[in-house]
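1. Below is the sequence, then the predicted model.
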Amino acid sequence: MRFTRLQASILSTLLVPFASAQANEMNPDISVVLDGYYKQNATALSHRDEGFGLGHTELSLSAPIDDLFAGRLTAVLEEHHGETEVALEEAYLQTTGMPWNLSVRGGRFLSQVGYLNSRHMHEDNFVERPAAYRALLGSHYFDDGLRVNLLMPTAFFWQIGAEAFNGNRLTEGDEDIGVYTVNTRFGGDIGVSQSWQAGLSYLNNRQVHGDHDGDHDHDHDHGDHDHSHAAAYTGENLYIADLVWKWSPDGNTRQQQLTLSGEYLYADELNEHARSSDYHQGWYTSAVYRFTPQWSVGARYGRVDLKEAHGDHFHDQQLKETDVMLAWSRSHFSTLRLQYTHQSAHGFDNADNTVTLQYVMTFGAHGAHDF
Amino acid sequence: MISKPNSLTWLFGWLLAFASMPASANLNVFACEPEWASLVLALLPDANITAATTAWQDPHYIEARPSLIAAMRKADLAVCTGASLEAGWLPSLISRAANRKIQPGSDGLFFAADHAPLHQSREHVDRSMGDVHPEGDPHLHLSPDAIPRVVDALAKRLASLAPEQATAIQQRYIRWRGDWNQERQRWRVAAQRLEGTGVVTQHSTFDYLLRWLNVNVVADLEPKPGLPPSSRHLRDVLATPSISDASVILVASYQDDRPATWLSNQSGIPKVVLPGTVTGEPGQQTLQEVIGLIIEALLAHQRVEHVD
């Protein structure tokens, strides 16, 4: 997805109607996310190069289309080794008028597997997604497809959903429908100060057993990222369990908020040579405490155990990662973040420790405070 | 029913809704803020009302959490402030709940700010001015003149959604309006005594009422709307000559009162923490009671000033 020449014209066209802050009948909501950083050292399985760089610069438009449909378009500009890539991350329509709390989404969108995957990267509390996400989902898996979600008629929150995707953005292949997912989420409040959500997801990748193994073996030369954002490690079955718990005194998230979250990812049936003992596995757990409206601290530990395919056998790889971060938000719309990342690895040449300084700035329409 | 939406209340509410479904299902109402819950309660007492926030929560910064999605899922009507107050969470809730009754432009979504003129609406806004809303100041729930207009429109909306109760709703509205007008007479008398009084505030939470009472806001503890008070700004406020005109520092219950405490200690101006809206506690269950409470606090501190 490289439309570098179109970039200027896309931007100029999109930026013209910037007068309105809210979507009205003529103008969509427009929001821009600026993400830039300085990273001291290159790290394993990373999507950010060392030195000064731009991260996930995002331009998003959304609006109701009519009384039955709403739409969203998100273009992402990323810089890799001096080349600017424009990628279409979201281009979808969503129904708003279906009965029984059903909703259908079609087009290109972020898969809802796991907790982090459906969230935009700029909402994250750390500079990069956990290593398990970077290895198994290419940080965030989005693709062309269709989603159906249903909210169950229960007192607590219970959602079930299924997605079908082209699949080529996870693994190249010839199937018309390369990826299926099913997902369920529960959640609620515990008193007034605490709330929680738990989710289970399954992703079926039907293109793992293809004649395309070569793509990946050549691409991921020991963990250095390729630009396609496809996941470097895949399996026919990917299972994810996630749990999030948040606490604020009196439920007043403005003043203070403690967020604990964790996910476990497991992938098997890696390719036609895989035995039952060959599987990828990863997890992370993170704690973030916003102790005043403007300051937050966080720590995250995660590890991922991977099998790197070499013809008919696998080599073990392991990456353990510890992150600590301090973030300051002047307003609701600006964040500066200082993060220290410690990596220890087996089977990765480029694991290192690094300090990263990052900014994330948003302007235009007000972003969503999702749970 | 204005209590915080804990899981037990919900379970109970759901069981109640389920049990009464075959006969005539009561209207499920989702109120973004507790003041709207209290008004719906006054007009339609048998509605199942869920208030998404409490007087201890800043309504700008709520998250679209699972419990709120579940409440929005079954709502027949959502009553919110509008004017971008809930811009950070309501659109997400509406989208996640996929409830076709509650969609922008539909009868199931009622915005109070659509039914009354707002202060400080502006042609041009940008975020260097702070978190200002182009539509105007959304904190209209303590406005003695705006609320009757909102309740008038709310009564009509409720009547259209529960036509079998239309007459009763209209009667309750007329009674509510009579009470409000009577109270407003009393507030007007107080306003004459309060004219020219100065106060220090934090955010525009009380501004509609203060303007109506002819009370002057001499300083705001927030350097810009939505930004938390900084120590430099507090020192500037302390150095403002007009600070001596302030008889009280007003803080809403959901706000951090440490900046106000500091200013109070430095300046000798008393600090008062007041409910920013109805709390469900005795004497704070209706907007009339809360407005009465705020006026009493202002008068009390004014009396102290006169004694001095």
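-> Done, it's in. Quantities reported herein were computed from a predicted structural model and do not represent experimental measurements.
2. Would you mind listing where the chain has pLDDT under the threshold?
-> Let's take chain A. A:1-26, A:209-230 (pLDDT under 70).
3. Please refer instead to chain B.
-> Looking at chain B by pLDDT under 70, you get B:1-24, B:303-308.
4. so what's the single nearest residue of it relative to chain A closest to, chain neighbours aside?
-> Distance from chain A to each residue of chain B (CB to the nearest CB) is smallest for B:Pro66, at 2.7 Å. Bear in mind the C-beta positions are built from the backbone N, C-alpha and C, glycine included. Take B:Pro66 and drop its neighbours on the chain: the residue closest to it by CB to CB, 6 or more residues apart in numbering or on different chains is A:Gly187, 2.7 Å away.
5. Which parts of the host helix or strand of that neighbour count as buried, going by neighbours?
-> Secondary structure assignment for A:Gly187, by DSSP states H and E: strand A:179-190. By neighbour count on 16 or more other CB atoms under 10 Å in any protein chain shown, the buried set for strand A:179-190 is A:Val179, A:Tyr180, A:Thr181, A:Asn183, A:Thr184, A:Arg185, A:Phe186, A:Gly187, A:Gly188, A:Asp189.
6. and the residue in the stretch 101-250 of chain A positioned nearest to chain B, what does it touch?
-> Relative to chain B, the nearest point of the stretch 101-250 of chain A is A:Gly187 (2.7 Å; CB to the nearest CB). Contact partners of A:Gly187, counting by CB atoms under 8 Å, 6 or more residues apart in numbering or on different chains, are A:Phe156, A:Phe157, A:Ser195, A:Trp196, A:Gln197, A:Ala198, A:Phe371, B:Arg65, B:Pro66, B:Ser67, B:Ile69, B:Ala70.
7. Repeat the analysis, applying 7 Å as the threshold.
-> By CB atoms under 7 Å, 6 or more residues apart in numbering or on different chains, the contact set of A:Gly187 is A:Phe157, A:Ser195, A:Trp196, A:Gln197, A:Ala198, B:Pro66, B:Ser67.
8. how about stretch A:57-64, does it reach chain B?
-> Yes. Using CB under 7 Å from any CB of the partner chain, stretch A:57-64 comes into contact with chain B via A:Pro64.
9. Quick one: distance of the longest helix anywhere in chain B to the chain centre.
-> Counting residues, the longest helix in chain B under DSSP state H turns out to be helix B:166-194. On the basis of CA atoms, centre = their mean, to the nearest Å, helix B:166-194 sits 17 Å off its chain's mean C-alpha point.
10. before we move on, what about stretch A:182-201?
-> 19 Å.
11. and if you look at stretch A:176-189?
-> 15 Å.
12. Export only the CA atoms of that stretch, formatted as PDB.
-> Only the C-alpha atoms of stretch A:176-189 are listed here, as PDB (Å, rounded to 0.1, in the frame of the first residue of the first chain):
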ATOM      1  CA  ASP A 176     -11.100 -16.100  -0.700                       C
ATOM      2  CA  ILE A 177     -11.700 -16.000   3.000                       C
ATOM      3  CA  GLY A 178      -8.400 -16.500   4.700                       C
ATOM      4  CA  VAL A 179      -9.300 -15.700   8.300                       C
ATOM      5  CA  TYR A 180     -12.300 -16.300  10.500                       C
ATOM      6  CA  THR A 181     -12.600 -15.000  14.100                       C
ATOM      7  CA  VAL A 182     -15.000 -15.500  16.900                       C
ATOM      8  CA  ASN A 183     -15.000 -13.400  20.000                       C
ATOM      9  CA  THR A 184     -16.900 -12.900  23.200                       C
ATOM     10  CA  ARG A 185     -16.700 -10.300  25.900                       C
ATOM     11  CA  PHE A 186     -18.200  -9.800  29.300                       C
ATOM     12  CA  GLY A 187     -18.000  -7.000  31.700                       C
ATOM     13  CA  GLY A 188     -19.500  -4.900  34.400                       C
ATOM     14  CA  ASP A 189     -18.900  -2.800  37.400                       C
END
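13. in the chain, which spans are helices?
-> Using chain A. Using DSSP H, helices in chain A cover A:4-15, A:131-136, A:213-219.
14. should've been chain B
-> B:7-19, B:34-43, B:66-73, B:90-97, B:146-161, B:166-194, B:207-212, B:231-239, B:258-267, B:287-307.
15. and stretch A:123-136, how far apart are its ends?
-> End-to-end distance of stretch A:123-136 (CA to CA, to the nearest Å): 20 Å.
16. quick one: contacts of it?
-> Against stretch A:123-136 from outside (CB under 7 Å, 6+ apart): A:37, A:45-48, A:116, A:139-140, A:231-233, A:238, A:265, A:267, A:280, A:282-284, A:286, A:288, A:298, A:300, A:302, A:304, A:306, A:319, A:321, A:323, A:325, A:337, A:339, A:356, A:358.
17. quick one: which of the helices of chain B is nearest A:Arg108?
-> With respect to A:Arg108, and counting by CB to CB, the nearest of those is helix B:90-97 at 17.3 Å.
18. do the closest one and chain A meet?
-> Yes. Looking at helix B:90-97 against chain A by CB under 7 Å from any CB, the contacts come from B:Pro91, B:Ser92, B:Ala97.
19. between those, which has the most around it?
-> Neighbour counts for the residues of helix B:90-97 next to chain A (other CB atoms under 10 Å in any protein chain shown) peak at B:Ala97, which has 26 neighbours.
20. ok, that residue touching B:Leu68?
-> No. B:Ala97 is beyond contact range of B:Leu68, at 8.4 Å (criterion: CB atoms under 7 Å).
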